[in-house]
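**Q** Any chance you could fold what I've pasted below:
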Amino acid sequence: MRAKQSALDKLESRGIVISWLRFAVMMTALMVVTFCLLSSCPVAWTATIIVVLIASEIFFFAAEQTFLAHTVSIPVALCEELESGAFHAYDQHVLESISDNPVLSRLVKSQFLLHEATLREHLIADFGTDVVLGLSDSLIITAINHSCQKYLKYGRSELLGRCILELLGEGQTEFQQVLVEASCSGKAQSVELRMIRGDKKDIYVDCQVERSATHSTYYCTLTDITERKLYELSRKEFVAMISHDLRVPLGNVMMTLEMIEEFELSSMTLRSKSLMKDCRQNVSRLLSLTEQLLDLERHDAGRFAVTTEIHDVEGIVKAAVQNIESFARSRDIGLEVLSEDLLVWADHVRVIQVLINLLSNAVKFSPPGSIVRMSVGDIGNNEIEFRITNDGVGIPLAEQGKVFQRFLQIEGSQKKVVEKSIGLGLVICKMLVESHGGRIGFESAEGQGASFWFVLRSAGE
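**A** Numbering: from 1, shown residues only. Alright, predicted model coming up:
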């Protein structure tokens, strides 16, 4: 430390001496030139003095450049001690002692801050809980932290010097593309990868890649997402099972029931007809449930879409009401419809599905003898509102925030026994309406019924 400080002191002294000598020579030369001009000295003397002045300026410029070249070695030497950890004893003293020299101060401080940031970066990587590794431009692992060894189940010697592509079970092309994007943009990029641990087990990670601003290194931070990926894979298997092992057989059963009713209905007893009707309703309900689950899966996977065209609102409303009329009569519920002659941009099959879901819920939660009202009207701003209102038990204030949650059925304040459902109807309604670019909501007061509405884009002029 003393040797380093002594070197700094010597360089600083030399810099001061050079500056003062330069100033003294310039002042002396100016005084001599002024004297020659005032005393009418020969032009040769004046020219000689000017030449000497120019030569001395060149000399001092060269001396100053030599001084600056020597000062560069001081920050480098300081940085070597910064990395070794010895800087804590004198760094502030050194920075304070050279603060009066702007050139030396700027060089040392910039190098100091640069290496301090690098040290902090390595410190976090080595002692943090994140899994961090460094890669060279050729994708060779050049640095790892302790968490990386524990997580990947490899020893330090097994990881260092190894190409990271050897550890990837899939996603090699995507990973290389992310490296290019991180290098070009200068921003962190992320990609999901399947990796092979040292114990030969597969793990899934979210890999965040960042290009170092000071080294030719990529820093990769790994976050374990194995549980989430396994859940997603299980969900896909479940959906595939519903699609192939449940929907198809149910469709065949429904077709068989329709054929029996068509050809054998006249010879059936009243009880047989009643059982056949119940059977068809149950199969239809199961088919509807499987379609809802598949729609949700398509939506979550980004593969769900609606095809909108111009449709007559009256035709959509009529189809929905016809579908729900028999169910409403069985509950002694009346239906009241008020609709304007309007045109709407919509996937009419999906909008009918929304109306059937909302009407069915309104009927289920209405007391016998009451009326479910549906109105459709232009609310301005090129929008059409569909609104369904009942006089049921209403939705408690504490439960209103859960209305559109999956697999949840809200119980009314009167704890009325209603037909249990899987709790996807309103979720599907929200998904379908928002897929049209519309909005959906409700108003309800406990014990005073509920009013559900949704808004779609008008196709009128």
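
**Q** Which parts of this protein belong to which domain?
**A** Partitioning the chain according to automatic domain parsing yields domains covering residues 2-122, 129-224, 229-300, 309-457.

**Q** where along this structure do the helices fall?
**A** Taking DSSP state H, the helices of the chain run over residues 2-38, 43-84, 91-97, 102-127, 146-152, 156-159, 172-185, 226-241, 248-264, 270-300, 313-330, 348-364, 425-435.

**Q** any idea which of these scores lowest on pLDDT?
**A** Lowest mean pLDDT within the helices of the chain: helix 91-97, at a mean of 49.

**Q** So what pairs up with the residue nearest to E434 when sequence neighbours are not counted in the strands?
**A** Nearest residue to E434, sequence neighbours excluded (CB to CB, 6 or more residues apart in numbering): I440, at 7.3 Å. The C-beta positions use only the backbone N, C-alpha and C, and glycine is treated the same way. Legend: beta-bridge partners of I440 under DSSP bridges are F454.

**Q** Go ahead and confirm I440 touches K430.
**A** Yes: between I440 and K430 there is a contact at 5.3 Å, judged by CB atoms under 8 Å.

**Q** Those two: who's more crowded?
**A** Neighbour count, other CB atoms under 10 Å: between I440 and K430, I440 has more, with 21 against 18.

**Q** what's the distance between the more buried one and V433?
**A** Distance of I440 to V433, computed by CB to CB, to the nearest Å: 4 Å.

**Q** Then S234?
**A** In this view, S234 and V433 are 29 Å apart by CB to CB.

**Q** quick one, which of these two is more surrounded?
**A** Set S234 next to V433 and count neighbours by other CB under 10 Å: V433 wins out with 23 against 10.

**Q** from what I can see the more buried one touches L355, true?
**A** No: using CB under 8 Å, V433 is not in contact with L355, being 10.8 Å away.

**Q** in stretch 331-345, what's buried?
**A** Across stretch 331-345, burial judged by 16 or more other CB atoms under 10 Å covers 331, 333, 335, 339, 342, 344-345.

**Q** What is the end-to-end distance of that stretch?
**A** This stretch, stretch 331-345, spans 33 Å end to end (CA to CA, to the nearest Å).

**Q** contacts for it?
**A** The contact list for stretch 331-345 (CB atoms under 8 Å, 6 or more residues apart in numbering) reads 308-314, 316-317, 321, 324-325, 328, 351, 359, 363-364, 366, 368-378, 384, 436, 456-460.

**Q** Next, the buried residues of stretch 149-159.
**A** Residues 149, 151-152, 154, 159 are the ones in stretch 149-159 that count as buried (16+ other CB under 10 Å).

**Q** Please apply the same query to stretch 191-201.
**A** 191-193, 195-196.

**Q** One more: stretch 427-439?
**A** 427-433, 435-436, 438.

**Q** quick check, nearest of those to G447?
**A** Taking CB to CB as the measure, G447 lies nearest C429 of the buried residues of stretch 427-439, at 23.7 Å.

**Q** wait, isn't E446 in contact with L397?
**A** Yes: in this structure E446 lies within contact range of L397 using CB under 8 Å: 6.5 Å.

**Q** who's more crowded, these two?
**A** Under the criterion of other CB under 10 Å, the comparison of E446 against L397 puts E446 first, with 17 against 11.

**Q** Next, give phi and psi for that one.
**A** Here is the backbone geometry of E446 (degrees, to the nearest 10): phi -60, psi 120.

**Q** Next one: it, what pLDDT does it get?
**A** E446 carries a pLDDT value of 83.

**Q** I'd like the distance between it and S366.
**A** As judged by CB to CB, E446 and S366 stand 15 Å apart.

**Q** One more: N382?
**A** Applying CB to CB, the value for N382 to S366 is 33 Å.

**Q** before we move on, the earlier item: in terms of distance to D202, which of the buried residues of stretch 331-345 ranks first?
**A** W345 (46.5 Å).

**Q** What residues are bridge-paired with that closest one?
**A** According to DSSP bridges, the residues that bridge with W345 are I310.

**Q** All further residue positions should be reported with the first residue as 77.
**A** Shifting the count to begin at 77 puts that one at W421.

**Q** how near is it to V393?
**A** Plainly put, W421 is 16 Å away from V393 if you go by CB to CB.

**Q** what's the answer for V427, then?
**A** For V427, the distance to V393 equals 9 Å [CB to CB].

**Q** which one of these two has more residues nearby?
**A** Per other CB under 10 Å, whichever of V427 and V393 has more neighbours is V427, with 26 against 20.

**Q** wait, doesn't that one sit right on V531?
**A** No: the pair V427 / V531 is not scored as a contact, 11.8 Å apart, by CB under 8 Å.

**Q** still on that earlier bit, neighbour-wise, which of N458 and S442 wins?
**A** Comparing N458 with S442 by other CB under 10 Å, the one with more neighbours is S442, at 24 against 12.

**Q** Would you mind confirming that the more buried one makes contact with V448?
**A** Yes: at 5.9 Å, S442 and V448 qualify as touching, with contact defined as CB under 8 Å.

**Q** can you list residues touching both of these two?
**A** The contact sets of S442 and V448 overlap at 409, 466 (CB under 8 Å, 6+ apart).

**Q** who's in contact with V397?
**A** 411, 413, 435, 450.

**Q** can we see that at 7 Å?
**A** 411, 413 (CB atoms under 7 Å, 6 or more residues apart in numbering).

**Q** quick one, strands of the stretch 427-537 of the chain?
**A** Along the stretch 427-537 of the chain, the stretches classed as strands by DSSP state E, counting those that start in this stretch are 447-456, 459-465, 515-520, 526-533.

**Q** To E257, which of the ones you listed lies closest?
**A** strand 515-520 (35.9 Å).

**Q** Could you list every helix and strand that that closest one packs against?
**A** Under the contact definition 3 or more CB pairs under 7 Å, 6 or more residues apart in numbering; DSSP states H and E, strand 515-520 sits against helix 501-511, strand 526-533.

**Q** make it 6 Å
**A** On a contact count with 3 or more CB pairs under 6 Å, 6 or more residues apart in numbering; DSSP states H and E, strand 515-520 meets strand 526-533.

**Q** what's next to the strand it packs on, contact-wise?
**A** Strand 526-533 is touched from outside by 420-422, 434, 459-465, 470-471, 509, 512, 514-516, 518-520, with contacts defined as CB atoms under 6 Å, 6 or more residues apart in numbering.

**Q** mind listing what's buried in it?
**A** Within strand 526-533, the residues scored as buried using 16+ other CB under 10 Å are 526-532.

**Q** and which of those residues is nearest S360?
**A** F528 (23.0 Å).

**Q** The nearest residue to Y280 once chain neighbours are set aside and I279: what is the separation?
**A** Once flanking residues are discounted, Y280 sits nearest to K305: 3.9 Å by CB to CB, 6+ apart. From K305 across to I279, the span is 9 Å (CB to CB).

**Q** Bridge partners for M271, pull those for me.
**A** L244, I279.

**Q** Could you report the pLDDT at it?
**A** Value for M271, per-residue pLDDT: 91.

**Q** just checking, it touches I279?
**A** Yes: using CB atoms under 6 Å, M271 makes contact with I279 at a distance of 5.4 Å.

**Q** check contacts around E461.
**A** Counting by CB under 6 Å, 6+ apart, E461 touches 455, 529, 531.
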